[in-house]
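S.K.: what's the 3D shape of this:
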Amino acid sequence: MSNAETKDAATTAGRPAVKLTLLTLTAMVVGSMVGAGVFSLPRRFAQETGVAGALIAWAIAGTGMLMLAFVFQTLAVRRPDLDAGVYAYAKAGFGEYFGFFSAFGYWASACVGNVTYWVLIMSTIGAIWPALGDGDTLLAVILSSVGLWAFFLLIRRGVKEAAAINKIVTVAKVVPILVFVVLALFCLDADVFAANWGGADYAGSLFNQVRGTMLATVFVFLGVEGASVYSRHAKRREDVGRATVLGFLSVFAVFASVTIVSYGIMPMAEIAELRQPSMAGVLEHAVGTWGKVFVSVGLIVSVLGAYLAWTLMAAEVLFVAAKDKDMPRFLGRATSEDVPVPALLMTTSLSQVVLIVTMFSEDAFNFALDLTSALSLIPFLLAAAFAVKVTFGLDREETVGRNTRGELVIAVIATLYTAFLLFAAGLKLVLVSFILYAPATFLFVKARREQNRRLFSPGEAVICAVSVAGALVGVLALAMGWIEL
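M.R.: Numbering: from 1, shown residues only. Have a look, this model is predicted:
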């Protein structure tokens, strides 16, 4: 890579960052949320709950995530000086080390999430090409790797081009999902739907049913912060919040519909045994083989679009963190086209490593999906908690506009919701998350050394010790077989 290509964005002849409209920002939110998750919802929910539990789960998840969407809207207005939302809010509220962990956790969750996309694509094709298995065979990993690096080259050409492609793909991938909902409604069997209502004999107590679905809802809602992460590219700052809420409401209606109508097509015990993408199996049962093919094609388009959006956002977080001197300076370099190539390269590289690990996982797709959700929860929790500080008047910086009691209530609910999700994730995923978080501290140390600063304050040293201890327990648990990938 030449010096010209890696020139620092701050010195690229004063060229402004690419500016995105409300429509494009909304497409970024929808595009990043509508990905692999929606196509796996029928099976994931049927494995845990019946119709009643699904309705309660969506009510809780919808309310909680809507509060989180409102949090990002509020912070975009109150603190317009902060870019790359999730990371910047954690840093502003709780210090550099927590900001670093938030940036890394959000970035790592995006990388792991990107792997689920390729696994699901290969699993879909594997229905007609057995050599690909469930997306975790050697051949599947090789083909997925080719896709990883092809997208790296595409995005490297320019953020503006990639964002424009994402807007087109977003429209193309939403259509098959809407068609699925309409066809499922026409084919809905009231007797089957009624038989799936409680599900107590199959899935256990209602509380456990709802708790079991929580991580699935987190995964499908990841991306609600998409406009906030890309806030430095917005033409108008207020568009960040509007895009967040518009994107969330649109996608929430679609996700809930896909889940509920599926219960009217097949018994939940049969849905729970479907091959992923389970949405294809449900439609095949309803209308025949063409339904499976139709959903499978839609999935591939959808997943590729979501992969594009998530890779953009992941690289952006590393880039902004490096510009703020919380990551090593090499990650803060960008081309004249405003593409943070080193951050993009690191993002693709981690996805490649995780993709290889899937060959050794018992259930590659579900584990990667749950780990993605768990890694994102700490950044979300810190952002929500920062909103509490801002709306309660505890933020030491000047904020734009007046805080209201309603904004404080919303921030508190969002904080409690994300804390509950950590509980729902369980100890296993928290420990595995620590295994990723702890080694990342080397990047923080490198950044501090580049600035000739003290490596850790007393408080930061305690946080570091806790993360390392958690990682050691996690490694021991894996070695002893207490937890499995």
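
S.K.: Can I get stretch 370-379 in CSV? Just the C-alpha atoms.
M.R.: These are the backbone C-alpha positions of stretch 370-379, laid out as CSV (Å, rounded to 0.1, in the frame of the first residue of the first chain):
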residue,chain,number,x,y,z
ASP,A,370,-25.5,-15.8,20.4
LEU,A,371,-21.9,-14.6,20.8
THR,A,372,-22.6,-11.6,18.5
SER,A,373,-25.5,-10.6,20.7
ALA,A,374,-23.5,-11.0,23.9
LEU,A,375,-20.6,-9.0,22.7
SER,A,376,-22.9,-6.1,21.7
LEU,A,377,-24.6,-5.9,25.1
ILE,A,378,-21.8,-4.1,27.0
PRO,A,379,-21.6,-1.3,24.4
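
S.K.: what's the offset of that stretch from the middle of its chain?
M.R.: 8 Å (C-alpha atoms, centre = their mean, to the nearest Å).

S.K.: go on, stretch 404-413?
M.R.: On the basis of C-alpha atoms, centre = their mean, stretch 404-413 sits 24 Å off its chain's mean C-alpha point.

S.K.: Equivalent analysis for stretch 93-105, please.
M.R.: 17 Å.

S.K.: what's in contact with it?
M.R.: 84, 86-92, 317-318, 321, 326-327, 375-376, 378-379, 382-383, 385-386, 389-390, 395, 433, 437, 440, 443-444, 447, 456-457, 459-460, 463-464, 467 (C-beta atoms under 8 Å, 6 or more residues apart in numbering). The way it works is simple: take the backbone N, C-alpha and C, and place the C-beta from them, glycine included.

S.K.: for residue 179, helix, strand, or coil?
M.R.: The assignment at residue 179 comes out as helix when based on DSSP: H, G, I helix; E, B strand; the rest coil.

S.K.: Please name the nearest non-neighbouring residue to it.
M.R.: The spatial neighbour of residue 179 that comes closest, neighbours along the chain excluded (C-beta to C-beta, 6 or more residues apart in numbering), is residue 294 at 7.3 Å.

S.K.: what helix or strand does that neighbour sit in?
M.R.: Element membership of residue 294, judged by DSSP states H and E, is helix 289-323.

S.K.: ok, back up a step: in contact with the residue nearest to residue 179, which residues?
M.R.: With contact taken as C-beta under 8 Å, 6+ apart, residue 294 is in contact with 176, 179, 283.

S.K.: same deal with residue 267?
M.R.: Applying C-beta under 8 Å, 6+ apart to residue 267 gives the contacts 192, 195-196.

S.K.: phi, psi of residue 128?
M.R.: As for residue 128, its main-chain torsions (degrees, to the nearest 10) stand at phi -120, psi -10.

S.K.: Equivalent analysis for residue 333, please.
M.R.: Comment: the main-chain dihedrals of residue 333 come out as phi -90, psi 150, following degrees, to the nearest 10.
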